[in-house]
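Engineer: Requesting a structural model of the entry that follows:
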Amino acid sequence: MKNSLSDQLLTLPQYLIPQHLLSRLVLKLTRLQWGTVTHWMIRRFINFYGIDMNIAQSSEVRDYASFNLFFTRALKSTARPFSETEILSPVDAKISQIGQIESGSLLQAKGRHFQLTELLGGQTKIASLFKQGLFCTLYLSPKDYHRIHMPMTGRLTDMVYVPGRLFSVNQRTSRVVPNLFARNERVICLFETAFGPMALILVGAIFVGCIETVWAGTIAPNRSSQIQHWHYPEKTAPFLQRGEEMGRFNMGSTVIMLLDANYLTWLSHLKTQNKVLMGEGMAQYLPDKKYFKNKK
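Structural biologist: Down below sits the predicted model:
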């Protein structure tokens, strides 16, 4: 009870602050080029979080003109080798929750659930693809690599922007704020793959200045108060290879991955609070269910 009351009190200011205004301010500040001041801030950040710059494509702080360029830094091609397992982790992250969607409900935290249809912004056609599917909530901390990659090869069929709040997505807030991931601003990316449908939901959060995809550029921040839905015809749809970059966060947040449980299963060793790196194995196909795998 004490922990619950403490969590609620520490989370209360998030209901009161101008979330979007502050996040847009951070967006602008992190793109300023202040020379020595910027490099001092980056060094302090590296030391505070213990970031290994040896795996960065550019390990020299002076090569980053703005804090955002450092935050979204690329890694060396050898830094994240790909597992031989069929489905890869799209990000460096901690697993907040992992399991199977039950009757259209996903676990947010102990004692808290949220609905798949609400997470997907009321897109019932997309929700029907995953009603009994697999889900994994991946939390990116400030120290993590913030580019998002394809867990498997796929063709983009739909992208949906859902406006919303910008609560923090850390563990404390997940325990306290109802329907957290279905309330925050988010971008839903639906892919057709050889293992059935796959969705990557990029969830915004406080101070997440920007969500980008490689095919559409900046999606959030977005001043629209309405849900926006883009459908991509097969002939012109982006086609991305396994492990290819598909987007990025311009500060830390969360990715929710949805998979088809008829053809895939999570690797048995993956548990809540496990740390995973982009390119590590996440799921494998069920050997007696090969329709999609063999589909041309």
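
Engineer: Tell me the secondary structure of the residue positioned nearest the centre of the chain, please.
Structural biologist: With distances taken as CA atoms, centre = their mean, the residue of the chain nearest its centroid is V255 (2.1 Å). Look at V255: counting by DSSP: H, G, I helix; E, B strand; the rest coil, its state is strand.

Engineer: Tell me how far it lies from V162.
Structural biologist: Applying CB to CB, to the nearest Å, the value for V255 to V162 is 15 Å. For the C-beta atoms, the positions are set from N, CA and C on the backbone; glycine is no exception.

Engineer: same thing with E118?
Structural biologist: Distance from E118 to V162, by CB to CB: 10 Å.

Engineer: Of these two, give the one with the bigger neighbour count.
Structural biologist: Counted by other CB atoms under 10 Å, E118 and V162 do not tie: V162 has more neighbours, with 26 against 16.

Engineer: For the residue nearest to the centre of the chain, which residues are in contact?
Structural biologist: P90, V91, A93, T137, L138, L140, I148, L200, I201, L202, V203 (CB atoms under 8 Å, 6 or more residues apart in numbering).

Engineer: any idea which of those residues has the most stuff around it?
Structural biologist: Going by other CB under 10 Å, V203 tops the contacts of V255 with 30 neighbours.

Engineer: isn't it right next to N184, touching?
Structural biologist: Yes - using CB atoms under 8 Å, V203 makes contact with N184 at a distance of 5.3 Å.

Engineer: re earlier: looking at the contacts of V255, which are in strands?
Structural biologist: A93, T137, L138, I148, L200, I201, L202, V203 (DSSP state E).

Engineer: now the residues you listed in CSV, with pLDDT and distance to R43?
Structural biologist: Formatted as CSV, these follow (pLDDT from 0 to 100; distance: CB to CB, whole Å):
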residue, pLDDT, distance to R43
A93, 97, 25
T137, 98, 32
L138, 97, 28
I148, 98, 26
L200, 98, 33
I201, 98, 34
L202, 97, 29
V203, 96, 30
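
Engineer: could those residues be laid out in CSV, adding distance to F114?
Structural biologist: What follows is the ones in strands among the contacts of V255, written out as CSV (distance: CB to CB, whole Å):
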residue, distance to F114
A93, 19
T137, 10
L138, 16
I148, 21
L200, 17
I201, 12
L202, 16
V203, 12
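
Engineer: Of those residues, which is the nearest to P13?
Structural biologist: Set against P13, the nearest of the ones in strands among the contacts of V255 by CB to CB is V203 (20.1 Å).

Engineer: Low-confidence ranges, this structure, go.
Structural biologist: Applying pLDDT under 70 to the chain picks out residues 1-3, 209, 252, 289-296.

Engineer: what ranges do the helices span in it?
Structural biologist: Taking DSSP state H as the test, the helices found in the chain are 2-16, 19-29, 36-49, 67-71, 116-119, 124-127, 171-176, 180-183, 291-294.

Engineer: right, so of these, which gets closest to V208?
Structural biologist: helix 19-29 (6.3 Å).

Engineer: tilt between that closest one and helix 36-49?
Structural biologist: 120 degrees (axes from the mean of the first three to the mean of the last three CA atoms, to 10 degrees).

Engineer: got the contact list for helix 19-29?
Structural biologist: Applying CB under 8 Å, 6+ apart, the set of residues contacting helix 19-29 is 67, 165-167, 204, 206-210, 221, 250-251.

Engineer: Can you list the buried residues in that helix?
Structural biologist: Residues of helix 19-29 classed as buried by neighbour count (16 or more other CB atoms under 10 Å): Q19, H20, S23, R24, V26, L27.

Engineer: Relative to the whole chain's centre, how far out is it?
Structural biologist: 19 Å (CA atoms, centre = their mean, to the nearest Å).

Engineer: for stretch 48-68, same thing?
Structural biologist: Relative to its parent chain, stretch 48-68 has a centroid offset of 21 Å by CA atoms, centre = their mean.
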